[in-house]
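Trainee: task: produce atomic coordinates for the following.
(one chain, ligands or ions: 1)
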Amino acid sequence: MKFIRNALAGTTALCAATAVSAADLEVTHWWTSGGEAAAVAEFAKAFNDKTDHNWVDGAIAGSGGTARPIIISRILGGDPMHATQLNHGRQAEELIEAGLLLDLTDVAEAEGWADIVNPPSLLESCTVDGRVYCAPVNIHSWQWIWLSHKAFSDAGVDVPTSWDEYVAAAPALESAGKIPLAMGQQPWQSNGAFGVMAIAIAGIDAWSEVNINKNADVAGGETYAKVFEAAANARSFAANSNVQDWNQATNLVITGQAGAQIMGDWAQGEFAVAEQTAGEDYTCLPGLGVNEIISTGGDAFYFPKQDDAGIEAAQKEMAALLLSPEVQVNFNLKKGSLPVRGDVDLTAANDCMKKGLEILASGAILPDGNQTFSPDTTGQIEDLMVEFWNDPSYSAADAQARYAEIIADAD
Ligand code: GAL
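Mentor: Here you go, the predicted structure:
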């Protein structure tokens, strides 16, 4: 069956089918929400249809915070999967140093990744000592607030166009029995929401001082005090949001039980699965309607080394395929992320994705926390943020003091 499909697809597939025997590749990832599952299914379909190999899906529920330690300990413990999602950036640094990941430099060169991957920081994040160790598959940005038209209309107020308007509308949402801010409880969510608020409220220069230059004075200073105060206020808006997972929080917005969620653009995949339309059922404001900017983090695939030439060839076929134009379009339209190459046809993009593409084209981009901080520093900030967002008695000033300490030691 597989052979017939490939034979029909053309000579390239036929050659591949005879040169390399079929391999089953186990692929781990944490894409288990409705939108995420629909997106990763595009990868699996392309791999099964366009190569002689099989995608064996290894989804791990519970988001990156749960999946990453499992993925990393399997690789370190000698039970590696054949391919895995991680956020590109610094999460794989130690695995690369330990020589556990396949060098993809030949694939990158053959496919011309240096010429097509945009922004170049995505490929740089995959590169250590001049060698390429991952295939970047998307650009995901954190800087979005998602607003429910139903919630605001039930509360009798206009859909806000900025963070200040949103804050002003929160009491009306509360009076109408709505949760002003939907928040899940996972540490990365608390940290992400804070980071988005920091860019909007402290501004890009202060954010860059703290996140790129690790400037503890700015982290502990007056400008950042405003961010902590705003976050303490936002914490009260989220007091009745009792969900755990990010997509459950998105669902509160989709159903109009909550006014808003601060979440990365993967939330778009949930609105798409729910068949909601941007501009009609919901609004997305980049940079909280204050600073139109996006961070260019995202996902990349890494291929743990296997002692088998046939498997290695199949891993490299997968790496090349994930960046191919058609796969990039089909996957990213479902995922809510932007493609890593600018030379693909995105006429089918919705309004939010179009906004993201415009911001990317304007060059208003920042690195993602996974690119600027080590996993250890990120973990310390996440611990602080989850405590702060969940304990109303934790004052903004105390949280800021702890934050400045972490930044002083950050790497
Ligand atoms: C991020 C990942 C996204 C998205 C999100 C929620 O780490 O980059 O692709 O899926 O987690 O699961």
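
Trainee: nearest residue to the closest residue to the ligand within the stretch 251-400 of the chain other than its sequence neighbours?
Mentor: Nearest residue of the stretch 251-400 of the chain to the ligand: W266, at 3.9 Å (Cβ to the nearest ligand atom). Using the backbone N, CA and C atoms, a C-beta is placed for each residue, glycine as well. Spatial nearest neighbour of W266, excluding adjacent residues (Cβ to Cβ, 6 or more residues apart in numbering): G336 at 5.2 Å.

Trainee: okay, now the one you found: neighbour count?
Mentor: By other Cβ atoms under 10 Å, the residues close to G336 number 27.

Trainee: for it, give me the pLDDT.
Mentor: Looking at G336, its pLDDT is 96.

Trainee: then the one 3 residues further on?
Mentor: With respect to pLDDT, P339 has a value of 97.

Trainee: which residues sit in contact with it?
Mentor: By Cβ atoms under 8 Å, 6 or more residues apart in numbering, the contact set of P339 is N138, I139, Q328, V329, N332, L346.

Trainee: quick check: the farthest pair among the residues you listed?
Mentor: The largest separation in the contacts of P339, counting by Cβ to Cβ, is between I139 and V329 at 13.7 Å.

Trainee: more neighbours, these two?
Mentor: Neighbour comparison, I139 and V329: the larger count goes to I139, with 28 against 19 (by other Cβ under 10 Å).

Trainee: shouldn't that one be in contact with A300?
Mentor: No: in this structure, I139 is not within contact of A300 by Cβ atoms under 8 Å, at 10.8 Å.

Trainee: tell me, what's touching these two both at once?
Mentor: With Cβ under 8 Å, 6+ apart, I139 and A300 have common neighbours L122.

Trainee: show me how far stretch 400-411 is from its chain's centre.
Mentor: 24 Å (Cα atoms, centre = their mean, to the nearest Å).

Trainee: nope, stretch 175-195 is what I meant
Mentor: How far stretch 175-195 lies from its chain's middle: 17 Å, per Cα atoms, centre = their mean.

Trainee: how near is the closest residue to the ligand within the stretch 1-150 of the chain to Q185?
Mentor: The stretch 1-150 of the chain approaches the ligand most closely through G64 (4.1 Å), counting by Cβ to the nearest ligand atom. Note on G64: its distance to Q185, by Cβ to Cβ, to the nearest Å, is 15 Å.

Trainee: which parts of this protein sit against the ligand?
Mentor: W30, W31, E36, S63, G64, N87, H140, W246, W266, G298, D299 (Cβ under 6 Å from any ligand atom).

Trainee: re the thing from before, helix or strand: which one has the residue of the stretch 1-150 of the chain closest to the ligand?
Mentor: helix 63-76 (DSSP states H and E).

Trainee: check D57 too.
Mentor: According to DSSP H and E, D57 maps onto strand 54-59.

Trainee: who does that strand touch, helix- and strand-wise?
Mentor: Packing partners of strand 54-59 (3 or more Cβ pairs under 8 Å, 6 or more residues apart in numbering; DSSP states H and E): strand 24-29, helix 34-50.

Trainee: now the ones you listed in CSV, with mean pLDDT?
Mentor: Shown next, in CSV, are the helices and strands packed on strand 54-59 (pLDDT from 0 to 100):
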stretch, mean pLDDT
strand 24-29, 98
helix 34-50, 98
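
Trainee: mind putting these into CSV with mean neighbour count?
Mentor: Shown next, in CSV, are those (neighbours: other Cβ atoms under 10 Å):
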stretch, mean neighbour count
strand 24-29, 20
helix 34-50, 19
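
Trainee: where are the low-confidence patches of this structure?
Mentor: Across the chain, the ranges flagged by pLDDT under 70 are 1-20.
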